[in-house]
Structures are given as C-alpha cells and as structure tokens.
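> Make a model of this:
(2 chains)
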Amino acid sequence: MATRGSNRSRLLWVSLLVTSLFIITLDLRGVSLLSSLRSGTQSALAPVERLANNFFSPVGDFFSEVGNLGRSKAKIEKLEEENQELKSQVILNENTLAQLESLKGVLDLAGKARYKTVSARVISKGGTGTFSETIVLDIGSDSGVRRDMTVIAAGGLVGVVKSTTASSSIVLLMNDPSFRIGVRVAGKQDMGILLGQGDKSYSLQMLSATSAISVGDVLLARGSSGDKPFVPGVPVGRISYVENTVGQLTKEGRVNGFVDLNSLSVVSVVLSAVAGDPGDALVPKAPRPAPTVTVFVTPSPTPKE
Amino acid sequence: MEINRLPKVILIFLTLFLIQEALISQINFLVAGFSLYLAFFMAWVIQDQRNSAVVTGFIAGLILDLSPTLEAPFGLWTLVLTSMSYLLASNVRAALDAELSPLVMLSVTVLASSFALILFLLIGAILGQEVGSASYLTRSIAGNALWGALLSPLYIPLAMKLHKVTLTSRQR
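Coordinates of the predicted model:
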C-alpha cells in the first residue's frame, strides 16, 4: 500500500517531468530565451576554457614526457631539474611548431582557393558524453565569424560554425551524426551526400545508381547558395569502400576524411570565397612513389680453357 | 528537500559543470570520453531521500542542459536526470543495504550512468535527433563506463563527503 510520503514524492516527480517536457516543447518551438541561455553560458565559459587550454595544452604532454625519468638521487637531482626545464621548453617549442605547421597548411589551402579566412585556435572540445562532436574556437563575432561559415584545416573540411559569441564560436565537426554535406567526385560530375557517423569514417550516398565511383576517388564540397554553410571545392575525403549491391537505388560507400578531427589545434574560418568555385584545384596530390632501382644480372658464360 | 540545502546543491553542481566543460573536455581520453558530471550525479543521488533526489535530478539536469555544445533540445537532460533520480532513489536504493559499500556504489554509478546515456539517446531519437553509428554509440557508452569505473576512487568519496556537507545535523 502506498504511503502518503511516497504519493507526495510521486506527485513531485510527475510535476517535474511535465515541467521538463514543457521546456523541451518550448525549445523545439524555437523560444529564443532558451537558446540565449546556452549562448550566455558559452560567453561565460569561453575565458575559463581559454585559460584551461593554455595550461593543459603543454602540461599534458609534459607529464607524459617526464614519466620515464630515472630514480631520484641527490647527485642527479640538479641535473634532473635542468633536464625537466629543458624538456618542458622543448615540448612548448614542439607545441608552437605544430601549431605553426597547421597554420601554414591551412593558409596554403585557403590561398590556393583564394578564400578570405580568419585563423583560430581550438580551445576546447565538446562536452563528453553528450553524443555531439564539436570544438570551441577562440574567436567569435568580433572577428567576423558568423553562424553557418565553413571551417577548414590544412587537409580540408573540418565542419561548420554552429553558434558564436563575441569572443568564441562553436563548430559542429563533420563527424557529428547530424552532419550532412553535398559532395562531388573530383574530376567527374557525380554528386552525393556525405553523412557523419560519429567516428573516423563517413557514409556516402550517391544521388544516382549509375555513378561511376571507385576506391581512391577524392570528394570535394559542392558548395551552398551564398557560400553558406559550405564554400565549394574544399577537399572532404577519399572513398575507401564502394558497396556493389545489385538492385540498389543509389550507390553507397565509405569515406575516410582528410583531417584528423581528434588532433586539431589551429583551423581557419572561411569568411568568403573571393574567386568563386576553385574547381578541382584543391585536390590533394597523391604521394609520388619513390623510384625503385632494379638490377638485372645476366650470367656470363665461363670461358672454356 | 529543505530549502536551505538548495543553494549548496546548486553551487556544487554548477562548479562540477564548469569543471566538466572547461577542464575534463580538454583531456584526450584513450577510449571515447568521460562525463564526470553524470557519474558524480549518480553517486550523489543514490545517497539521497526520494524527494531530495527528484529535486536534485531536476536541478542537475537543467544545469547540464546549459551546455553550449549540446545538440539535443533544451530540457532533455532535465527529463532524463529527473527520471533517473526517481528510479534510483525509489527502486534501486530500496533494494540495497542501508550502508552502501564502495563496490555497490561503483556498480550503481557505472550502470546508472550508462543507462542514463542510453535513455538520453532513446528519447533524443524519438525527438528526431541523429544518433550515429552503432559502433560509435557502443564505444561512447563503454568508454564512459570504463573511465567511470577507473576514476571512481576519486569522485565517489568526494560525492559522499560533499553530500554530507549539504545535510543538516538532524538529517545526518
């Protein structure tokens, strides 16, 4: 038999459940108060995230590097200290060099396509355990970044700007399950849709069953009207598998992205595509195989005595 | 829940939310990620009375819904955590001994966190959210459970201590 106490808590539970459902309904109907609550949180969190990134970025590597140092002895303590200082300096330098390398790569890509870009540092990843793949950048609307702008890295497409505050912006990564982009096969006119799956590979659905696609083909962004959310011509990935099932309405396949989304440090937000569609100009060059030296040995007959 | 306990609970969960969003998300975990917030919440709620647990679930859910990187509609975590808190406080807690052993705490925390993630996915899918591939979901839930179990010696004692701090001397 239910007691009065348990009835009261059940009533409380039901009323709070109804309240949550009411909040969800308001959000789904686009009540701006709730979305501005989230952007307000983002504005408040950005400085803390920036600070945490400054601290964690070199220190995380530092601790993994010094983990193998020898036992502490009085004589070597001073040397160890010096060693640690030097190592932390080297790690800091490596960190800066890696960021510089990424920046150079992304500027090369943007320069080739004549995209007007603004570069940004990744200060945080999306909240874990929320099944959404996002990153937070250290620039926002003050630097000209707006919602639905394309984000690229040295290898190609990274994602699209989801929301901005004055000094930070959230980017929806291309491996997010809700991510969709229209693509075309480089060198051909076959078109399809690339879908994020949450992991490193992507699902590809071609628009026609007669599309001639094969493993190794490069996919480029098809572009959107007004270049939002996607500017045309950005390399997206390379086809790794083509499903050949008889009777399918469209051809399907798997794609490997060009950018490692787990190790992003510097990216660029495309503000505008100055020269329009760059065509296939951004297709990454296949690595040239190293020449092999082949030596043919012909046995010469031994002279008869 | 007594009204004078409410500000302490809100402050604790807000701090935890800040730690989760600004610090934990900077760490590259080996397998998927780890939601300290969710694990701490489960460890907290299992010690609570039914009414307090439900109110705490509602507040903790509202705070988690503030996450700017969240793709789900506002209120989804509120719904999930309110439901989980009632389930834990009324059904699970009643089946356990009065004194919770560390092993029981660990098991309840890990299982309840995984169940909350699955519930979040299910309700999200019903509301039209994209959920991703099966391998991605399995890796995310299993990774969270793994880290929840490995890091339990850190957050479970903290949750127990902080829970005690918020109680009045009469409630203790």
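
> next one: stretch A:258-273 to chain centre, how far?
Here stretch A:258-273 is found 6 Å from its chain centre; the criterion is Cα atoms, centre = their mean, to the nearest Å.

> Return the set of buried residues in it.
Neighbour counts over stretch A:258-273 (16 or more other Cβ atoms under 10 Å in any protein chain shown) mark A:Phe258, A:Val259, A:Leu261, A:Leu264, A:Ser265, A:Val266, A:Val267, A:Ser268, A:Val269, A:Val270, A:Leu271, A:Ala273 as buried. Using the backbone N, CA and C atoms, a C-beta is placed for each residue, glycine as well.

> quick one: which of those residues sit in strands?
A:Val266, A:Val267, A:Ser268, A:Val269, A:Val270, A:Leu271, A:Ala273 (DSSP state E).

> List the beta-bridge partners for the fifth one.
Under the criterion DSSP bridges, A:Val270 forms beta bridges with A:Thr117.

> for it, what are its contacts?
Counting by Cβ atoms under 8 Å, 6 or more residues apart in numbering or on different chains, A:Val270 touches A:Ala110, A:Tyr115, A:Lys116, A:Thr117, A:Met149, A:Thr150, A:Val151, A:Ile152, A:Asp227, A:Val231, A:Val234.

> just the residues you listed now: which is nearest B:Leu64?
Nearest to B:Leu64 out of these is A:Val151 (Cβ to Cβ; 26.0 Å).

> tell me the SS of that closest one?
When classified by DSSP: H, G, I helix; E, B strand; the rest coil, A:Val151 comes out as strand.

> Nearest spatial neighbour of it, chain-adjacent residues omitted?
A:Val158 (4.4 Å; Cβ to Cβ, 6 or more residues apart in numbering or on different chains).

> And the contacts of the helix or strand in which the one you found is found?
For A:Val158, the element it lies in under DSSP states H and E is strand A:157-164. Strand A:157-164 has contacts (Cβ under 8 Å, 6+ apart) with A:38-39, A:42, A:134-135, A:140-141, A:145-152, A:169-174, A:176, A:179, A:181, A:221, A:229-230, A:234-236, A:257-259, A:261, A:264, A:267, A:269, B:68.

> ok, back up a step: want to try a markdown table for the ones in strands among the buried residues of stretch A:258-273, with distance to A:Asn54 and pLDDT as columns?
Formatted as a markdown table, those follow (distance: Cβ to Cβ, whole Å; pLDDT from 0 to 100):
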| residue | distance to A:Asn54 | pLDDT |
| --- | --- | --- |
| A:Val266 | 15 | 89 |
| A:Val267 | 18 | 91 |
| A:Ser268 | 21 | 91 |
| A:Val269 | 21 | 93 |
| A:Val270 | 26 | 91 |
| A:Leu271 | 26 | 90 |
| A:Ala273 | 33 | 79 |
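
> how about a markdown table for these, with distance to B:Thr109 added?
Formatted as a markdown table, these follow (distance: Cβ to Cβ, whole Å):
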| residue | distance to B:Thr109 |
| --- | --- |
| A:Val266 | 38 |
| A:Val267 | 36 |
| A:Ser268 | 42 |
| A:Val269 | 40 |
| A:Val270 | 44 |
| A:Leu271 | 46 |
| A:Ala273 | 50 |
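
> Cool, thanks, talk later.
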